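Asker: only geometry, no sequence info:
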Ligand code: CP
């Protein structure tokens, strides 16, 4: 493994091995495994979990890390190719990213979607260009259309909770005051498909996941013996569900149009997960969410504070699985 950019870059067996390593390191820590190694963390967008869990994971392996939040105490970084740089950004990523790579042994990058051009966001043009500037391992800390660290943590959470491989996994759109990126829904639907689950994407009209995301998930499901489908019918989706994974994302029928997106949401206030959502679900059905979550907009207090919620386990597992990723990318085999 040279980079950690997309779960789809790994075979299913490699993901299982990574999760076994994560569990082994959690049970039997290796506090000196990455002594002398440095992890650089470049953020173009805010974070709580990713920022803290990457640093904690590196420290637990005996390594060090530095954090650059672009434009906050550092130069603003330009990402557009061919930009005439007479605005606020003083440095281009074509210089800045290789400079940072000189100072570390691996680099994590977080760069969200532009949210204007769906094709550009799905192609991850800007993120791929930055990855191409680095000759050392790169970790995707959330790009325009992917969040593999979150997906790996969520897979581990499902395993920890002994959710059967073939169980019904419902990725449900939930409300939010504004459009959010497709990174987590794309990574989540792919992860559950790759795990071999019966995956149902539940969403209102206008919020269907793009065909490229569904086709990628369908291929993963076919290889793992699972299935993937989409519906707007909440009863159909939630009947027999073992997991409800709540996630917010923007309009896909009018991608990048904030005005129409807002209008589409005006009648969708009931897309907030409540206890009543679970009336036809499996008795021990779980509620997952990557966090941060808007209480009583996306998920009601009664669910987040109730027995079904496993959001803290997911957040904890971010550190656990990233420890394995860093170990795999940076440790020197012992002879
Ligand atoms: N789930 C997640 O990536 O959280 P942060 O945005 O806080 O890092």
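Answerer: Cool, the structure landed. All values reported here derive from a predicted model rather than from experimental measurement. Numbers count the residues shown, from 1 in each chain.
Asker: what sits closest to the residue in the stretch 101-250 of the chain positioned nearest to the ligand if chain neighbours are left out?
Answerer: Distance from the ligand to each residue of the stretch 101-250 of the chain (CB to the nearest ligand atom) is smallest for residue 150, at 5.2 Å. (C-beta placed from N, C-alpha, C; glycine too.) Setting aside the residues directly before and after it, residue 150 is nearest to residue 290 in space (CB to CB, 6 or more residues apart in numbering), at 5.1 Å.
Asker: looking at the one you found now. What's its pLDDT?
Answerer: On the pLDDT scale, residue 290 is placed at 98.
Asker: got it, and residue 335?
Answerer: For residue 335, the model assigns a pLDDT of 53.
Asker: on that earlier part again, contacting residues around the residue nearest to residue 150?
Answerer: If you count contacts by CB atoms under 8 Å, 6 or more residues apart in numbering, residue 290 has them with 147, 150, 154, 184, 188, 247, 314.
Asker: surely residue 244 forms part of a helix?
Answerer: No. Counting by DSSP: H, G, I helix; E, B strand; the rest coil, residue 244 is not found in a helix; it is strand.
Asker: now it: closest residue in space that isn't a chain neighbour?
Answerer: The shortest distance from residue 244 to any non-neighbouring residue, by CB to CB, 6+ apart, is to residue 170 (5.0 Å).
Asker: for the stretch 201-335 of the chain, which segments count as strands?
Answerer: In the stretch 201-335 of the chain, the segments counted as strands under DSSP state E, counting those that start in this stretch are 227-231, 243-247, 286-288.
Asker: which residues sit against the first one?
Answerer: The one in question is strand 227-231. By CB under 8 Å, 6+ apart, the list of residues contacting strand 227-231 from outside reads 189, 193, 198-203, 208-209, 214, 217-218, 221, 237.
Asker: and the two most separated of the residues you listed?
Answerer: 198 and 208 (18.8 Å; CB to CB).
Asker: which of the residues in stretch 23-31 are buried?
Answerer: 23, 25-26 (16 or more other CB atoms under 10 Å).
Asker: repeat that for stretch 64-83.
Answerer: Of the residues in stretch 64-83, those buried (16+ other CB under 10 Å) are 65, 67-70, 77-79.
Asker: repeat that for stretch 247-263.
Answerer: For stretch 247-263, by 16+ other CB under 10 Å, it's 247-252, 255-256, 261.
Asker: circling back: secondary structure and distance to residue 306 added to the buried residues of stretch 64-83, as TSV?
Answerer: Formatted as TSV, the buried residues of stretch 64-83 follow (DSSP: H, G, I helix; E, B strand; the rest coil; distance: CB to CB, whole Å):
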residue	secondary structure	distance to residue 306
65	strand	36
67	strand	35
68	strand	39
69	strand	35
70	coil	39
77	strand	42
78	strand	46
79	coil	42
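Asker: which stretches of the stretch 201-335 of the chain have low pLDDT?
Answerer: 333-335 (pLDDT under 70).
Asker: the ligand contacts on that one?
Answerer: Contact residues (CB under 6 Å from any ligand atom) of the stretch 201-335 of the chain with the ligand: 290-292.
Asker: do you know how far residue 119 is from residue 315?
Answerer: Using CB to CB, to the nearest Å, we find residue 119 at a distance of 32 Å from residue 315.
Asker: of these two, who's got more company?
Answerer: More crowded of residue 119 and residue 315, by other CB atoms under 10 Å: residue 315, with 19 against 10.
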